[in-house]
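> Make a model of this:
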Amino acid sequence: MSLFSMKSVLIAALAVALPMGAMADDDDDDDDGFGMAGVLSASNKEDLPPVILSAGMPLADAPWELKSGTYYEFEIQGDGSQELALVGPEFFRAIWIDEIVVEGLEIRPLGLDSVEFDEAGEMEIGFLAIKPGSYYIKVPGSTGETQRLEITIK
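Below is the predicted model:
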């Protein structure tokens, strides 16, 4: 590469870098100026009521109405009265699961079909609602309305 070509490359690199440096905020060296991502920011987060897994008891008090693009968190609480599971593959494929927390352990799955409680315990699921539609999660093999949670994503 000739000296002239190297100078041209250096001048072009400086021309690009200088305006970026001029935009930096001198007050805080750690601030990159971007902040939290919109969908993961605290202003876009909602807590949902817990889902209760207990023999013969309703899963929830009311159906969920969710908004696509909003981040939600909810707890599933199993009281250990019976080995119980929740299934809802269509719902779990209509959301992006950020994390599942069980006893302080954070799990970041690529997908989910069901969860099961063999004994008393609690888990928290954080997710982003994505695909609008009508969904449900339910206790498998059950036919009662109280063993099913209707979910709408708008």
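> Pull out the buried positions in stretch 43-52.
Neighbour counts over stretch 43-52 (16 or more other Cβ atoms under 10 Å) mark 44, 51-52 as buried. Just so you know, the C-beta spots here come from the backbone N, C-alpha and C atoms, and that holds for glycine as well.
> who touches that stretch?
Stretch 43-52 has contacts (Cβ atoms under 8 Å, 6 or more residues apart in numbering) with 38, 58-62, 64, 69-77, 79, 86, 137, 149.
> Could you do stretch 147-154 as well?
With Cβ under 8 Å, 6+ apart, stretch 147-154 has contacts from 51, 58-60, 63-68, 88, 91, 94-95, 129-139, 142.
> try 7 Å this time
With contacts defined as Cβ atoms under 7 Å, 6 or more residues apart in numbering, stretch 147-154 is touched by 51, 59-60, 63-68, 91, 94, 129, 131-139.
> Then residue 90 would be within a helix, right?
Yes. Counting by DSSP: H, G, I helix; E, B strand; the rest coil, residue 90 is located in a helix.
> is residue 117 in a bridge, and if so with what?
Bridge pairing for residue 117 (DSSP bridges) gives the partners residue 84.
> how far away is residue 76 from residue 154?
Residue 76 is 23 Å from residue 154, where distance means Cβ to Cβ, to the nearest Å.
> hmm, I was thinking of residue 106
For residue 106, the distance to residue 154 - Cβ to Cβ - is 29 Å.
> I'd like to know which of the contacts of stretch 43-52 are buried.
Applying 16+ other Cβ under 10 Å to the contacts of stretch 43-52 flags 59-60, 64, 70-72, 74, 76-77, 79, 86, 137, 149 as buried.
> Kindly tell me how buried residue 141 is, as a neighbour count.
8 (other Cβ atoms under 10 Å).
> so where's this protein uncertain?
1-42 (pLDDT under 70).
> if we go to 80?
Low-confidence segments of the chain, defined by pLDDT under 80: 1-43.
> hey, where'd the strands end up in it?
Taking DSSP state E to define them, one finds strands in the chain at 45-47, 51-53, 64-66, 71-78, 84-87, 95-102, 105-107, 114-117, 121-129, 133-138, 148-153.
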